[in-house]
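Student: following is a predicted model, sequence given first.
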Amino acid sequence: MTRKMFDLCADNDIRFSPYCCRARMALAHKGLEAEFIPVGFSRIAEATDGFSKTVPVLVDGETKVADSWEIALYLEDAYPDRPLLFDGEGGRNLAKFVEQWANMALHPPILKSIIVDVHDRLLPEDQTYFRESREKRLQAPLEEIQARRDDHRKALNAALMPLRQLLRQRPFLSGEAPRFADFIVFGSLQWPRLISDYQLLGEDDPVAEWFSRCLDLFDGFGRSAG
Ligand SMILES: N[C@@H](CCC(=O)N[C@@H](CS)C(=O)NCC(=O)O)C(=O)O
């Protein structure tokens, strides 16, 4: 296949990266097939021939694109006749806000809730790198961070309030049908679902109901990924 995407993997081939999930969903939305090549943290630069230190990286024929946002923009421009990821220029701008919100308001409490689970389920060769880099960034031992997971879960649920309110009024973040903004937040929540048993959302939460609708998209593509 000429189209391939480097996709972060943990042990047992768990594909847990929120950013890779966003790109996988964007490809599925466009109806584009790709080979998803598993790569652990320690091998990203080597696997991509030095092209990127992070995944996802999409290789589409002669074109190489790193970064989930850039991949979505590339797919929208390269495949304009396929289902749209954004509603025009304004839609792109609003989706960019959603990306910043998810990365800055949702990811810190999600990561802190499951950080030991992530560590323990990584490939053995990636565990030391993960522990050292994350403990340096967060200035605390992983175990100490995750021990306060109930507080982190509360912080996440408070940050989700605007989305929760919105999803009481419509089926998808983007309206009647999903767009890339939905896939952004979906990727954020797939990450804990795939790599931890800790429940971050209540069952009767409109966010959990929307998440389940997203899992069903593209013949259950999200349920099978990972
Ligand atoms: N802004 C980038 C972020 C990509 C990113 O940080 N990916 C993580 C995987 S979840 C990664 O490759 N990290 C490499 C590392 O921490 O060394 C995107 O949206 O693609």
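Tutor: Perfect, I can see it now.

Student: hey, let's count contacts and neighbours off CA atoms from now on
Tutor: Fine.

Student: helix/strand/coil for Asp197?
Tutor: coil (DSSP: H, G, I helix; E, B strand; the rest coil).

Student: how close does it sit to the ligand?
Tutor: Relative to the ligand, Asp197 is positioned 18 Å away (C-alpha to the nearest ligand atom, to the nearest Å).

Student: try Leu156
Tutor: Using C-alpha to the nearest ligand atom, Leu156 is found at 18 Å from the ligand.

Student: surely that residue and Ile110 touch.
Tutor: Yes - checked against C-alpha atoms under 8 Å, the pair Leu156 and Ile110 is within contact range at 6.8 Å.

Student: which residue ranges form the helices in the protein?
Tutor: 18-29, 44-47, 68-78, 88-101, 107-121, 124-138, 142-147, 149-159, 161-166, 180-195, 206-224 (DSSP state H).

Student: so the fourth one versus helix 68-78, what angle?
Tutor: Orientation check (axes from the mean of the first three to the mean of the last three C-alpha atoms, to 10 degrees): helix 88-101 against helix 68-78 gives 160 degrees.

Student: ok, residues contacting the lowest-mean-pLDDT helix or strand in the chain?
Tutor: Scoring the helices and strands of the chain by mean pLDDT, DSSP states H and E places helix 206-224 at the bottom, with a mean of 95. With C-alpha atoms under 8 Å, 6 or more residues apart in numbering as the test, helix 206-224 has contacts from 25, 28-29, 163-164, 167-168, 171-172, 186, 189, 201-203.

Student: follow-up on the earlier one: would you turn the helices of the chain into CSV with mean neighbour count?
Tutor: Formatted as CSV, those follow (neighbours: other C-alpha atoms under 10 Å):
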stretch, mean neighbour count
helix 18-29, 24
helix 44-47, 16
helix 68-78, 18
helix 88-101, 15
helix 107-121, 21
helix 124-138, 14
helix 142-147, 16
helix 149-159, 17
helix 161-166, 14
helix 180-195, 23
helix 206-224, 17
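
Student: ok, the residue lying closest to Glu99 once chain neighbours are set aside - contacts?
Tutor: In space, and not counting its chain neighbours, Glu99 is closest to Ile184: 6.2 Å by C-alpha to C-alpha, 6 or more residues apart in numbering. By C-alpha under 8 Å, 6+ apart, the contact set of Ile184 is 18-19, 22, 98-99, 102.
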